[in-house]
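1. Predicted model and sequence below, questions to follow.
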Amino acid sequence: MKRSSKYAIFYCDKCELLAGVIELMLQMYPNIKVKTISEMDSLLNEVKRKLPEYILVYLTIHDESHIEVVKNIREKVNAAETPVLIYQTLPDELELKKLSGRLQ
C-alpha cells in the first residue's frame, strides 16, 4: 500500500457536521484531500486501497463505538503505522495544527 498524494479520512456518523472542520483543514493544508466515510466496510476498503496520512474518527454517540472502529482498522487492514485520532468534539484549529507533521 503506497501513499502517492496526501489525504485524510474522517470516519463519522454525522459527516455533515464536519463541513466547517474540513473547510478549515483545506485552508491549513491546501495540498491534501479529505474524505468522509460513514460505513465501516467503506472505510476498510478505502484504507486497503490507499493508506491515508490520518484516520480521524468523529462520532456523536459517546459510547464504545470508537474503540470498535480502531479495533477493526488494526485487525482487518495493514494500517498499523497510520495514526487514528478520535475526537469527541469537533476539532478546532489548534487540534488540526497537530496534524501538520504528516500533512505538510
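-> Arrived safely, thanks for sending.

2. Pull the distance from stretch 31-47 to the chain's centre.
-> 7 Å (C-alpha atoms, centre = their mean, to the nearest Å).

3. Next secondary structure after the least confident helix or strand in the chain by mean pLDDT?
-> Sorted by mean pLDDT, DSSP states H and E, the helices and strands of the chain end with helix 65-76, the least confident at a mean of 88. Following helix 65-76 in sequence order, the next helix or strand is strand 84-87 (DSSP states H and E).

4. Buried residues, that following strand. List them.
-> Across strand 84-87, burial judged by 16 or more other C-beta atoms under 10 Å covers 84-85, 87. Every C-beta, even on glycine, is put in place using the N, C-alpha and C of the backbone.

5. now the residues you listed as a markdown table including pLDDT?
-> Listed next are the buried residues of strand 84-87 as a markdown table, based on pLDDT from 0 to 100:
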| residue | pLDDT |
| --- | --- |
| V84 | 95 |
| L85 | 95 |
| Y87 | 94 |
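
6. from those residues, which is closest to S100?
-> Of all the buried residues of strand 84-87, L85 has the smallest distance to S100: 13.1 Å, by C-beta to C-beta.

7. measure the closest residue to that closest one other than its chain neighbours to R102 for me?
-> Spatial nearest neighbour of L85, excluding adjacent residues (C-beta to C-beta, 6 or more residues apart in numbering): L56 at 5.2 Å. Between L56 and R102 the distance, using C-beta to C-beta, to the nearest Å, works out to 12 Å.

8. Neighbour count for these two, which is higher?
-> L56 (25 against 16; other C-beta atoms under 10 Å).

9. so the more buried one, which of the three states?
-> Here L56 is strand, with the state taken from DSSP: H, G, I helix; E, B strand; the rest coil.

10. and it, what does it touch?
-> Contacts for L56 (C-beta atoms under 8 Å, 6 or more residues apart in numbering) come out as 8-11, 84-85, 87, 91.

11. hey, where'd the helices end up in the chain?
-> Secondary structure of the chain (DSSP state H): helices at 19-28, 40-49, 65-76, 93-97, 100-103.
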